[in-house]
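Student: With the input below, show me the fold.
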Amino acid sequence: MAVTLVNPSGLPEIDVYRQVSVATGSKIVHVAGQVAWDPDGHTIGEGDLAAQVEQCYLNVATALAGVGASFADVVKLTVHVVDWTPEQMPVLLDGIARAAAKLGVTPAAPASLLGVAALDVPEHLVEVEATAVLD
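Tutor: Model (predicted):
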């Protein structure tokens, strides 16, 4: 495996991600921000943050699989949420857990969570982008 996830001593341990990833592969995969679209471009879960987070993570997995990668190869995730407030964290985590259960993975790469004013269309509440490394 090309990626090792680490929580270095002296930094807090976060349940849903690790603080550092170390990659040793030779190919870098950049996945464009994935929104809650189905394969036909229809929004899944309009108005439902958890459903949209789930679909975003499923779409990231599909994009990774398309180039022979998986969440095990991800070195960094960035999550953009419209009108983010800390009270939304349980809903966000529920969406991630639902996707993880469907995929049979634990997406634990280092992650950044950013609140944004808007995304590409008003129906989209979240966007997830990923960087992966392959041998």
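
Student: How about Val74, nearest residue that isn't a chain neighbour?
Tutor: Ala109 (4.3 Å; Cβ to Cβ, 6 or more residues apart in numbering). Placement of C-beta: from N, CA and C, glycine included.

Student: same check, this time on Glu13
Tutor: Per Cβ to Cβ, 6+ apart, closest to Glu13 is Asn7, 4.9 Å.

Student: Does that neighbour touch Asp15 like I think?
Tutor: No: Asn7 lies out of contact with Asp15 (Cβ atoms under 8 Å); the separation is 10.6 Å.

Student: Low-confidence ranges, this protein, go.
Tutor: 1 (pLDDT under 70).

Student: what about the helices in it?
Tutor: Using DSSP state H, the helices of the chain run over residues 49-65, 89-103.

Student: Among those, which comes closest to Thr78?
Tutor: Among those, the nearest to Thr78 by Cβ to Cβ is helix 49-65 (10.8 Å).

Student: what's the closest one in contact with?
Tutor: 29, 31-32, 34-38, 43-45, 70-71, 73-74, 77, 79, 81, 88, 91-92, 94-96, 98-100, 102-103, 105, 107, 124-130, 132 (Cβ atoms under 8 Å, 6 or more residues apart in numbering).

Student: that older thread, gap between the residue nearest to Glu13 and Ile14?
Tutor: Asn7 sits 8 Å away from Ile14, going by Cβ to Cβ, to the nearest Å.

Student: one step back: list just the one of the helices of the chain that sits closest to Gln19.
Tutor: Of all the helices of the chain, helix 89-103 sits nearest to Gln19, with 17.4 Å by Cβ to Cβ.

Student: Just the residues contacting the closest one, thanks.
Tutor: 16, 49-58, 61, 71, 79, 81, 106-107, 113, 126.

Student: between it and helix 49-65, how many degrees?
Tutor: 40 degrees (axes from the mean of the first three to the mean of the last three Cα atoms, to 10 degrees).
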